[in-house]
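K.L.:
I need the structure of the sequence given here:
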Amino acid sequence: MMATDQEGMFKRPDAATHEIVVFGATSFVGKILCRYLIDTYGVGRDLKWALAGRSRQKLKKVRADLGEAAGSLDFIEVDATDERSLRQMCQRASVVVSTVGPYVLYGEPLVKACAESGTDYCDLTGEVQWIRRMIVRYESTAEETGSRIIHCCGFDSIPSDLGVWFLQQEAQARFGKICSRVKLRVKAARGGVSGGTIASLMNVLKESDKDPEIRRQLADPFSLCMGNSGQGVKQPSGNDIVFDEDFSSWTAPFIMSGINTRIVHRSNAILGYPYGNDFLYDESVLTGTGLRGWSRATASKLGLGLALLGPVRRMLARFVLPKPGQGPSLQQQQQGFFDIRLFGRTDTGQELRVRVAGDRDPGYGSTAKMLGEAAVCLARDVSKVECLGGFWTPASALGARLLTRLSSNAGVTFELLEGITAPATAEQ
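P.N.:
Reported below is the predicted structural model:
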C-alpha cells in the first residue's frame, strides 16, 4: 500500500507530470546537468523534465542562463529539509535526480520521500556510510511502494561498476566463464575538483573520526552487501605501492576506490553472484615504470595520507580547497578526460582487457552526463516489472541499456582491447 499523509494517498509515479526532476538544479553540478539535458533532449520535445531547488530567483537565473530554448522549462520550489514540499515534488516526478550534497547532511529527507511515494531516484553520492544508512532505513519501504533508488551514478561509480559488468559479459561470451580476478587501474585523468565533493569527503572523515562503527564500515569492502555471502573472501587492498606486472607499472592508491569497490561488490551480490563468491577486485592508479614511477607512487600515497589527517585536512579545507558552489571552469571541464583500464583473469588463466574512457573531466563534465543518462534510462528503459522497488546499483538495475546510452550520447566508451592471452598459470 502506498504511504499517506494528512493530504491523503500519494499519487503514483505513472500520474507524474515530469519524467525527470533535477533536484539541486542551482548547484554546481546541477547546472552542468541541466545544460547537458537541454543540449541533448531540449525542452518541450520528447523528454518532459523540470528544475527544482530552494530559491525561486536562483531557479529563474539557471533557466535564463540555459538560453531561449529553456523559456518554457518548468521549475519547482522545494526545500531539502521540508518533507511536505519534497512529497509534493515527488508527486510530480517519475524520477528525481539529486545533486544536493553532502548527502549525509541534506540527502535523507528526499530519499525517504521517494521511497514512501514510489518515486524513482538517483544521485551521485560517494558517501558509503550514508548509503548503508539509507538502505537499512528505507529499503523495505521502497520494495513495498516500487521506488527504485540508485546511488553513485557519476564518476563514482559508473565507470567501475559498468566497466566490471562489461568485462564479465565479454568474458562469458569469449571464454564461457567469468573472471574471478579483476583489477581496475586509472591510466590517465585530467579535471578539477568542486567544493561540493570536498565538503562530502570532509563529512565522511568527520563522522569516521567520531564513530568507530563508521570506521569499520569504511574499512569493509562488503559493507554495502548487507549480510549476503562472500564476505569472508579477503580482498586486495589497493593501498600499497606495488609494481603491477599485469600493467607493467607502479601503482598508487586511488581515492575513489573506497566507494567504487563497495558498489562493484554490491552489484555482484544483488545479481546473485555472477562474478562468483570468490571474486577479487581492487582499484589503483598507474604511475609509470622505473624509479620515476616508484617516486610518483610514493609521493601520491604520502600526500594522500597527509591530507587525510584531521588537522591538515581542516587547514586545507579552510584555506586551500574550493568551497561548495565552486569548481572547475567550463574550459577545464571540456579539456578534461579520463582513461581507465580493467584487467580480468579467469581461474584457468584466460585474460582480457577493457578500456573505459570519458571525454570530459571525470568529476563534473563527465559525471553530469552519466547522471543525466542514468536518470533517463531509469525513466524510459527499465520497467517496474523487470526491476522491482528497492536499492540498486547502476550495473544491477540499468546494465546494457545504460551502457548503450552512455556510448551513444555521453562520450563514455567501453572497449575490449586486443592482446587477449591465456598464460599457463593464473595469479590467485
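
K.L.:
so which residues make contact with stretch 79-96?
P.N.:
5, 10-11, 13-21, 23-24, 50, 52, 54, 76-78, 100, 106-107, 109-110, 112-114, 116-117, 119-122, 375, 378-379 (CB atoms under 8 Å, 6 or more residues apart in numbering). Heads up, the C-betas are built off the backbone N, CA and C, glycines and all.

K.L.:
the residues you listed in strands, which ones?
P.N.:
When those are checked against strands (DSSP state E), the matches are 5, 18-21, 23, 50, 52, 76-77, 120-122.

K.L.:
in contact with residue 296, which residues?
P.N.:
Shown in contact with residue 296 (CB under 8 Å, 6+ apart): 250, 252, 287, 288.

K.L.:
who wins on neighbours among the ones in strands among the contacts of stretch 79-96?
P.N.:
The member of those surrounded by the most neighbours (other CB atoms under 10 Å) is residue 120, with 31 neighbours in all.

K.L.:
so that residue sits against residue 142, correct?
P.N.:
No: with the criterion set as CB atoms under 8 Å, residue 120 and residue 142 do not qualify as a contacting pair; they are 9.5 Å apart.

K.L.:
joint contacts of the two?
P.N.:
By CB under 8 Å, 6+ apart, residue 120 and residue 142 have these common neighbours: 114, 148, 149.

K.L.:
going by neighbour count, which residues of stretch 63-83 are buried?
P.N.:
Along stretch 63-83, the positions that meet the burial threshold by neighbour count (16 or more other CB atoms under 10 Å) are 63, 66, 70, 73, 74, 75, 76, 78, 80.

K.L.:
looking at those residues, spot the one nearest residue 166.
P.N.:
Each of these was scored against residue 166 by CB to CB, and residue 66 proved nearest at 33.1 Å.

K.L.:
next, give phi and psi for the closest one.
P.N.:
Residue 66 adopts backbone torsions of phi -80, psi -10, taken as degrees, to the nearest 10.

K.L.:
again, but for residue 186
P.N.:
Residue 186 adopts backbone torsions of phi -80, psi 110, taken as degrees, to the nearest 10.

K.L.:
can you name the residues that contact it?
P.N.:
Taking CB under 8 Å, 6+ apart, we find residue 186 in contact with 254, 283, 284, 285, 286, 338, 339, 340.

K.L.:
which helices and strands sit right next to the strand or helix carrying the fifth one?
P.N.:
This points to residue 286. In this assignment (DSSP states H and E), residue 286 forms part of strand 280-288. For strand 280-288, the elements it packs on are strand 181-190, strand 249-253, helix 257-270, helix 290-307, judged by 3 or more CB pairs under 8 Å, 6 or more residues apart in numbering; DSSP states H and E.

K.L.:
for the ones you listed, which one sits closest to residue 168?
P.N.:
Nearest to residue 168 among the helices and strands packed on strand 280-288 is strand 181-190; the distance by CB to CB comes to 7.8 Å.

K.L.:
buried sites along the closest one?
P.N.:
Buried residues in strand 181-190, counting neighbours by 16+ other CB under 10 Å, are found at 181, 182, 183, 184, 185, 186, 189.

K.L.:
compute the inter-axis angle for that strand and strand 249-253.
P.N.:
Following axes from the mean of the first three to the mean of the last three CA atoms, to 10 degrees, one obtains 80 degrees for the angle between strand 181-190 and strand 249-253.

K.L.:
quick one: mean pLDDT over strand 181-190.
P.N.:
The predicted model assigns strand 181-190 a mean pLDDT of 97.

K.L.:
do the same with stretch 264-284
P.N.:
Model confidence over stretch 264-284, given as mean pLDDT, is 96.

K.L.:
CA atoms of it as CSV?
P.N.:
Provided in CSV are the C-alpha atoms of stretch 264-284 (Å, rounded to 0.1, in the frame of the first residue of the first chain):
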residue,chain,number,x,y,z
VAL,A,264,31.0,-3.4,-7.5
HIS,A,265,30.7,-6.0,-4.7
ARG,A,266,27.1,-4.9,-4.1
SER,A,267,26.2,-5.4,-7.8
ASN,A,268,27.7,-8.9,-7.6
ALA,A,269,25.5,-9.6,-4.5
ILE,A,270,22.3,-8.1,-5.9
LEU,A,271,22.7,-10.0,-9.2
GLY,A,272,23.2,-13.3,-7.4
TYR,A,273,27.0,-13.5,-7.6
PRO,A,274,27.5,-13.9,-11.3
TYR,A,275,31.2,-12.8,-10.7
GLY,A,276,31.5,-15.7,-8.2
ASN,A,277,31.6,-15.9,-4.4
ASP,A,278,35.4,-15.8,-4.5
PHE,A,279,35.6,-12.7,-6.7
LEU,A,280,38.6,-10.5,-6.1
TYR,A,281,38.7,-6.8,-7.1
ASP,A,282,40.7,-3.7,-6.4
GLU,A,283,41.5,-0.3,-7.9
SER,A,284,44.6,1.9,-8.0
